[in-house]
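K.L.:
My questions are about this predicted structure, shown below with the sequence.
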Amino acid sequence: MKLIELPAFSDNYLWLWQQDDQAVVVDPGDAAPVLQALARAGLTLAAILVTHHHADHVGGVAELRAATGATVFGPAREDIPLPFTPVMAGEPLVLLGQRVDVFDVPGHTAGHVAYFLPDAQPSPVLFSGDTLFSGGCGRLFEGTAAQMLASLDTLAALPADTRVCCAHEYTLSNLRFALAVEPHNTDLQAYETHCQSLRAQGMPTLPARLGTELQINPFLRARHPDVRQAVAQHAGLNAKTQADDVAVFAALRQWKNDF
Ligand code: ZN
Ligand code: FE
């Protein structure tokens, strides 16, 4: 399989996954770049996967379905342009010969899902939508800090070589915040240098490698003593609150909102 990122709007990526002459698109907020990519490569669109209901993820769904007849899959509990086939955690799909696992990852929205391809070659692929970004995580619009922490725990347990396909190029601004939290994290310093040079060449920083995220992403490291200490100091948490994983995560997310 081949992964293609299609830039859209100011900082979205619409992910196209190609197998022979067929493709699946994830979160087409805009139909035009997808139709252009399909035409350019002579591909048929087999399916549309949606992670959550926000306009920058579903804006092109109706037009793409009308133009291609592709089947739309999306989270059962979200308001996706009808008709669509609801997906459920624990009920994998098979698309273009690939097994696609579905995870419930509430927090950014109430019914957000992620799609995981465990058998993709050369390594597994995760479409994380607006839940996990490189160096960051989505804002809590509809869910709680406890839900987002549990959702990130689910994703963090996937294989280290998983290629994380996030829906936004937010990496550099996320890393500026991450460095404020962990200024002495040498993996983080090196990763920021690497991402700066990718962006300077006009290249995406994605897909990210999950194992790297575990070393550099403060939202996957909220239980690490250094992160816990930095958050406690920034937010003025007392010793009891500082021992509460969800309270620390909530304060970390708030710190980022205000950064
Ligand atoms: Zn969103
Ligand atoms: Fe988004």
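P.N.:
Perfect, I can see it now. Numbers count the residues shown, from 1 in each chain. Ligands and ions are numbered 1, 2, ... in the order given.
K.L.:
Tell me the buried residues in the helix or strand of the chain with the lowest mean pLDDT?
P.N.:
Least confident helix or strand of the chain, by mean pLDDT, DSSP states H and E, is helix 239-242 with a mean of 93. By neighbour count on 16 or more other CB atoms under 10 Å, the buried set for helix 239-242 is 241-242. C-beta here means a position set from N, CA and C on the backbone, and glycine is covered the same way.
K.L.:
Likewise for stretch 236-253?
P.N.:
Going by 16+ other CB under 10 Å, stretch 236-253 has these buried residues: 237, 241-242, 246-253.
K.L.:
which one of those residues is nearest ligand 1?
P.N.:
Comparing the buried residues of stretch 236-253 against ligand 1 with CB to the ion picks out Arg253 as the nearest, at 15.0 Å.
K.L.:
who touches whatever residue of the stretch 101-250 of the chain ends up closest to ligand 2 in this structure?
P.N.:
Closest approach between the stretch 101-250 of the chain and ligand 2, counting by CB to the ion: Asp130, at 4.3 Å. By CB atoms under 8 Å, 6 or more residues apart in numbering, the contact list for Asp130 reads 51-52, 54, 57, 108-109, 112, 138, 166-168.
K.L.:
re earlier: could the buried residues of stretch 236-253 be laid out in TSV, adding secondary structure and distance to ligand 1?
P.N.:
Formatted as TSV, the buried residues of stretch 236-253 follow (DSSP: H, G, I helix; E, B strand; the rest coil; distance: CB to the ion, whole Å):
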residue	secondary structure	distance to ligand 1
Leu237	coil	29
Thr241	helix	29
Gln242	helix	30
Val246	helix	22
Ala247	helix	25
Val248	helix	24
Phe249	helix	19
Ala250	helix	19
Ala251	helix	22
Leu252	helix	19
Arg253	helix	15
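K.L.:
farthest-separated two in those?
P.N.:
Using CB to CB, the pair of these lying farthest apart is Gln242 and Arg253, separated by 15.6 Å.
K.L.:
same for ligand 1: which of the contacts of Asp130 are within range?
P.N.:
By CB under 5 Å from the ion, the members of the contacts of Asp130 lying near ligand 1 are His54.
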